[in-house]
Every structure is written in C-alpha cells, then in structure tokens.
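1. just to be clear, the model below is a prediction. Sequence and coordinates:
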Amino acid sequence: MDARQGSRCAWCGSSLRSGQLARAIVAVANERSGSRATRLSKLFLDPKARGLAIAEINSVGNLHRYLARCPGLRYSEFGSRTPARQWFPRKI
C-alpha cells in the first residue's frame with residue numbers, strides 16, 4: 001500500500017496507483033475507440049477517442065486533468081453539495 005500510494009513518477013508526479021489506472025483507461029479506450037494512444041496525456045488528441053463517453057466518479061490524482069480533455073466526460077465528486085460538482089460535461 002505504501003509503495004502504491006507513496007511512490008511518485010519523476011516525470012508527472014503521479015502515484016503508482018494513478019499510473020496503473022491511466023494504463024488501464026488507455027487500454028480500454030483504445031479497444032473501444034480504435035485509437036492507438038500510448039499514454040493518457042495523448043489519448044484525447046485522437047478524434048476517435050474524443051467520441052467516447054466517460055464517467056469519472058471522484059477524481060484520482062492527476063488523471064482528471066487528462067480526462068477533462070474528453071468532451072464526453074461526466075464528472076462527479078462524492079459528497080459534493082454544489083451542482084457544479086455533480087454530473088456535467090467538462091469542456092476544455
């Protein structure tokens with residue numbers, strides 16, 4: 001648990017957990033969209049991946065800043081009482 005949460009990538013500062021989640025997201029997004037991205041930071045530059053619908057419930061580390069590049073993102077933060085933090089599309 002300490003390594004998963006405490007280890008940080010020297011390049012982006014993400015935890016090992018965030019990095020593992022990012023790889024899984026890229027793999028599934030590539031499979032569903034036909035994209036061939038190799039990292040989350042490049043995924044939504046591909047128009048095929050930009051057409052995906054994604055639900056993010058509670059942000060995880062640095063992932064939200066990359067997921068927010070997808071026009072089909074629906075985002076919610078648990079426990080939020082403001083409408084702006086409930087399900088809504090993120091535009092960049």
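-> Noted; the coordinates are in hand.
2. now the phi/psi pair for residue 8, please.
-> phi -120, psi 140 (degrees, to the nearest 10).
3. quick check: bridge partners of it?
-> Counting by DSSP bridges, residue 8 is bridged to residue 15.
4. what's near enough to touch the most centrally placed residue in the chain?
-> Centroid-nearest residue in the chain, with Cα atoms, centre = their mean: residue 67, separated by 3.6 Å. Contact analysis of residue 67 by Cβ atoms under 8 Å, 6 or more residues apart in numbering lists 25, 40, 54, 56, 73, 75, 90. Where C-beta positions appear, they are placed from N, C-alpha and C, glycine not excepted.
5. out of these, which comes closest to residue 33?
-> Closest approach to residue 33 among the contacts of residue 67 (Cβ to Cβ): residue 54, at 10.8 Å.
6. so which of the contacts of residue 67 are in helices?
-> Counting by DSSP state H, the contacts of residue 67 place 25, 40 in helices.
7. using CSV, please lay out the contacts of residue 67 together with pLDDT and distance to residue 7.
-> Output for the contacts of residue 67, formatted as CSV (pLDDT from 0 to 100; distance: Cβ to Cβ, whole Å):
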residue, pLDDT, distance to residue 7
25, 95, 19
40, 93, 18
54, 93, 26
56, 90, 23
73, 93, 27
75, 86, 26
90, 46, 28
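8. please list the members of the contacts of residue 67 that lie in strands.
-> 54, 56, 73, 75 (DSSP state E).
9. right, and out of those residues, which lies closest to residue 13?
-> residue 56 (19.1 Å).
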